[in-house]
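Participant: predicted coordinates and the sequence they were generated for:
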Amino acid sequence: MYIKYPLSALAMIAGANVQAGSAPSYESVPLHGGTLSFNLPLDFVRVTDKNNGTNVLIEYFPRGQSVANWTRMVTVQAYRGLGSSPASSAEIARQAFYPAVCKIGPIYRDAAEREVRKGFTLSIISDGCASLPAGAYPKALKGAGEQDFIMVFRDANTVYTLNYAERGAPFAGKVPPRDIERSKEILREIFGNVALTAARLK
């Protein structure tokens, strides 16, 4: 059996603002017996698709871009078993997303976790680096500015993430980092109505 959690109940994940002629596609991704559905930006294509039975990693880039030269990226991840960890969602998110290697303008903000339905929560994370160091992660673009806007979903068994990232010119001292409220707006604009259908635990 399955439980559907319509995240559109949260005002911050209301319908996307889409200009005429730029309509995104609606993507539905199977994840450990459930499905994550969201708007995929126009002309994004799936480049990475990995699933070892426990962890899922799916990456989308604008057509013609790659893991080495992307300017925008959408990532879906799922970690089976992590939802049952005694660690809080805030601790799990910080361990996964805090940009510890960033020395110039590190960004990390965590909006308060909210229960969407009994036993199911949503957190919004914003992280990034004003100027990436070499080797920050595989294929990091040295000197680029990068910011990620992440939805972290958690049930009793699994942690799921939906992430929109931007990468470009360094912005230390030039562009103020987006605050968490603007991060929520960006997620709404990019992904529209997000829904997660998760497997009911026996």
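Facilitator: That came through fine. Just so it is clear, the structure is predicted and the values come from calculations on it, not from any experiment.

Participant: use CA for all of it now, contacts and neighbours both
Facilitator: OK.

Participant: show me the strands in the protein, by range?
Facilitator: Secondary structure of the chain (DSSP state E): strands at 2-6, 25-31, 34-40, 44-51, 55-62, 72-80, 106-110, 114-117, 120-129, 145-154, 158-168, 195-199.

Participant: could these be laid out in TSV, adding distance to residue 184 and mean neighbour count?
Facilitator: Formatted as TSV, the strands of the chain follow (distance: least, Cα to Cα, whole Å; neighbours: other Cα atoms under 10 Å):
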stretch	distance to residue 184	mean neighbour count
strand 2-6	17	14
strand 25-31	19	15
strand 34-40	15	18
strand 44-51	21	14
strand 55-62	20	19
strand 72-80	15	20
strand 106-110	11	19
strand 114-117	13	14
strand 120-129	7	23
strand 145-154	8	22
strand 158-168	11	20
strand 195-199	16	19
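
Participant: mean pLDDT for those: which is lowest?
Facilitator: Among the strands of the chain, strand 2-6 carries the lowest mean pLDDT, at a mean of 32.

Participant: circling back to that earlier point, of all the strands of the chain, which one is nearest residue 186?
Facilitator: Of all the strands of the chain, strand 145-154 sits nearest to residue 186, with 7.6 Å by Cα to Cα.

Participant: so which elements touch that closest one?
Facilitator: Contact partners of strand 145-154 among helices and strands, from 3 or more Cα pairs under 8 Å, 6 or more residues apart in numbering; DSSP states H and E: strand 120-129, strand 158-168, helix 180-191.

Participant: pairing partners for it, with directions?
Facilitator: Its sheet considered, strand 145-154 pairs with strand 120-129 (antiparallel), strand 158-168 (antiparallel) by DSSP bridges.

Participant: show me what counts as buried in stretch 86-93.
Facilitator: If you call a residue buried by 16 or more other Cα atoms under 10 Å, then stretch 86-93 has these buried ones: 89-90, 92-93.
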